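Asker: fold the following, please.
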Amino acid sequence: MGCAPPPSWASSAPRSAPTPAWTSRPTRSSSSSTAWPPRSTPARSPPASTPSTTPTRAAWSTPRPAICRCSSGTPTAPSAEPTGPPLGTGGWLHTSGSVPLGAGSSAVLYTDGLVERRDKDIDEGVAALERAFAGSTGTPDIVCDRLLRSLGITAAHDDDVAILVIQNPVRTGHDAELFHNAALELHGGTEAAPRARAFASGVLASWRFSPELHDLGVLAASELVANSLQHGTPPMRLRLRRTDRRLIIEVTDGDDHLPRRRRAEPVDETGRGISIVATIASSWGSRRTPGGGKAVWCEFALPRG
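Answerer: Down below sits the predicted model:
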């Protein structure tokens, strides 16, 4: 599931030999925010810790690998069609899509080993999962355990299982202030770059970051915008997001050629933007967007406390 990606999550599987998630017998992990881990490679999706107004973006395979539950508790399967072989098999292209996940909603993503049985139709397993998910409450880690028990998954299970529970809790008061989202449409021209810098500076100042983080954020936004203005095509958009753990800066444009970090020669006047971003940010990446175009992003880890 690519993606990035929302709020609270936990993944689980029967205890067994630890291997990476979405391969055979993945191990348990949990966190208070999504960590679709971006590394400094241009094929990653940004973290999915986004405000509740932002849909979750993902790529998936057969069978229906996601079930969403709105704040009322009713589970539904996304209408997006399967897009190919299982993720992680290598050598395949997968299309991403958007699934709304509003405040108070949750979702469960899973591999077919959770719902498929040799003596039953797979739709029966999916229906059983929907029923179990509808009545499951608690933290993502607790929900994972309850779903595994409800589906009869034990250490003796004869198939590989991976399960990921995502929650987008309702936030009020001080907690709500920790989640912000601001965007600026870029129309090109000589004023686009200084306008983007001024916008980023104003937004980051309003979020009361330290002077160092403010300056690094403005620099990253400036370099990403400059890269898009030089190599991308309209429409262009600068977006800044803040969660309780990360500052994410993203620029989208209409060109689908993904950037790559390269070494600029001392005499080169250009070609250093992505290298600068990769150096100052915690991580960076890029992805193609639905309908054409790309998004290039970076993130900064926020100090705790």
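Asker: if you average pLDDT per helix and strand, which one of the protein comes out bottom?
Answerer: Every helix and strand in the chain was compared by mean pLDDT, DSSP states H and E; the lowest is strand 29-31, with a mean of 33.
Asker: wait, doesn't Leu258 sit right on Ala295?
Answerer: No. Assessed by Cβ atoms under 8 Å, Leu258 is found out of contact with Ala295, at 9.6 Å. Every C-beta, even on glycine, is put in place using the N, C-alpha and C of the backbone.
Asker: higher neighbour count, the two?
Answerer: Ala295 (21 against 15; other Cβ atoms under 10 Å).
Asker: how about the secondary structure of the more buried one?
Answerer: Ala295 falls in the strand class when you classify it by DSSP: H, G, I helix; E, B strand; the rest coil.
Asker: ok, it touching Gly254?
Answerer: No. At 11.1 Å, Ala295 and Gly254 do not qualify as touching, with contact defined as Cβ under 8 Å.
Asker: which stretches in this protein count as helices?
Answerer: Taking DSSP state H as the criterion, the chain carries its helices at 122-134, 140-150, 173-177, 192-206, 211-231, 273-280.
Asker: any low-confidence regions in the stretch 201-305 of the chain?
Answerer: Where the stretch 201-305 of the chain drops to pLDDT under 70, the residues are 262-272, 305.
Asker: what's the burial count for the closest residue to Ala128 other than its chain neighbours?
Answerer: Nearest non-adjacent residue to Ala128, counting by Cβ to Cβ, 6 or more residues apart in numbering: Leu151, 6.3 Å away. Here the number of neighbours of Leu151 (other Cβ under 10 Å) works out to 19.
Asker: can you check Ser136 too?
Answerer: Applying other Cβ under 10 Å, we find 20 residues neighbouring Ser136.
Asker: same question for Ala281.
Answerer: Number of residues near Ala281 (other Cβ under 10 Å) recorded here: 24.
Asker: redo the helices of the chain as a markdown table? Include distance to Ala156 and mean neighbour count.
Answerer: Compiled in a markdown table, these are given as follows (distance: least, Cβ to Cβ, whole Å; neighbours: other Cβ atoms under 10 Å):
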| stretch | distance to Ala156 | mean neighbour count |
| --- | --- | --- |
| helix 122-134 | 17 | 16 |
| helix 140-150 | 13 | 19 |
| helix 173-177 | 42 | 10 |
| helix 192-206 | 53 | 17 |
| helix 211-231 | 50 | 20 |
| helix 273-280 | 46 | 18 |
